[in-house]
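here are the coordinates; sequence isn't available:
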Ligand SMILES: Nc1ncnc2c1ncn2[C@@H]1O[C@H](COP(=O)(O)OP(=O)(O)OP(=O)(O)O)[C@@H](O)[C@H]1O
Ligand SMILES: [Mg+2]
């Protein structure tokens, strides 16, 4: 039985897409079959994997009914890694969902969950930087939530109250089996006092809920993004690559217990 992980933070630019893609790739290197779902109609993850948006995407999966999920899932240049792309047009579905009595919160769960649970060890859903309908759909379909957070300035705060409240709301009303898994601290430089303070604050506020593995600020991440590759492929020895591999091991260990 596969596990579905939603990567959520209503704050933008904290590394949701970077972590989705690289954790996904790192898990495949450990023998897992992984599906990445782009739930964000900014389509950053999609444009990392596709020059052109393919015909069948998340839009077609969520619109209408009856599309075989396999039709909108594609192989990637990475063994064992598969991708369900998004299109900017999917934003247009939101008013249609809002007009439904059930708001369409369960649509992704209904249309994808059984299928992916049988085919993939992990399905990782890259969410948009808000707690709107698409994030709620992702959380309703998911087993676990991972929240990336970034340090880097004296104003950096873990700031997850709204995200945590939304997880609680989903647990109470839409998906009782959803679990907050861990925070992942991204863009961390332990030589910086502000980042050390940030780590301390995360540990105090979320005891036992922070991945031991933290992702360093690393120029190779941006370079890889420009090349349309994972940092794991573009820079196998980069500090971020080493940590993404470690993060994958830490996650796998967690599910061994
Ligand atoms: N560890 C890192 N080191 C260096 N750059 C990073 C790191 N993590 C992310 N970045 C860069 O920061 C930017 C934001 O990252 P990313 O797109 O993953 O965030 P996001 O949370 O998905 O953003 P959005 O909310 O807009 O979807 C990107 O340009 C990415 O390359
Ligand atoms: Mg993103």
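Arrived safely. Predicted model only: the values in this text are computed from it and were never measured. Ligands and ions are numbered 1, 2, ... in the order given.

CA only for contacts and neighbour counts going forward, please
Noted.

Which stretches in the chain count as strands?
Counting by DSSP state E, the chain has strands at residues 3-7, 34-38, 74-75, 81-84, 122-126, 144-150, 179-186.

residues making contact with the fifth one?
Contact partners of strand 122-126, identified using Cα atoms under 8 Å, 6 or more residues apart in numbering, comprise 2-8, 16-17, 20, 24, 32-40, 45, 116, 138.

what about 7 Å?
Outside of strand 122-126, the residues within contact range by Cα atoms under 7 Å, 6 or more residues apart in numbering are 2-7, 16-17, 20, 33-40, 138.

overlap between those and the residues near ligand 1?
When contact is defined as Cα under 6 Å from any ligand atom, the contacts of strand 122-126 meet ligand 1 at 16-17.

Just the buried ones from the contacts of strand 122-126?
Using 16 or more other Cα atoms under 10 Å as the burial test, those include 2-7, 16-17, 20, 33-40, 138 as buried.

Which residues are in contact with the closest residue to residue 187 other than its chain neighbours?
Excluding the flanking residues, the one nearest residue 187 by Cα to Cα, 6 or more residues apart in numbering is residue 217, at 3.9 Å. Residue 217 sits next to 187-189 when contact means Cα under 7 Å, 6+ apart.

repeat for residue 85
Counting by Cα under 7 Å, 6+ apart, residue 85 touches 37-38, 46, 57-58.

returning to what we had before: can you narrow the contacts of residue 217 down to the ones near ligand 1?
Within those, those near ligand 1 by Cα under 6 Å from any ligand atom are residue 187.

Now, the contacts of residue 217 that are in helices?
Mapping the contacts of residue 217 onto helices (DSSP state H) picks out no residues; all lie outside.

Could you single out the nearest of the contacts of residue 217 to ligand 1?
Among the contacts of residue 217, residue 187 lies closest to ligand 1 (Cα to the nearest ligand atom), at 4.2 Å.

Next up, the contacts around the closest one.
By Cα under 7 Å, 6+ apart, the contact set of residue 187 is 150-152, 215-217.

Return only those of those residues found close to ligand 1.
Answer for the contacts of residue 187 near ligand 1 (Cα under 6 Å from any ligand atom): 215-217.

As CSV, those residues with pLDDT and distance to residue 197 would be great.
Listed next are the ones next to ligand 1 among the contacts of residue 187 as CSV, based on pLDDT from 0 to 100; distance: Cα to Cα, whole Å:
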residue, pLDDT, distance to residue 197
215, 97, 16
216, 96, 15
217, 95, 16
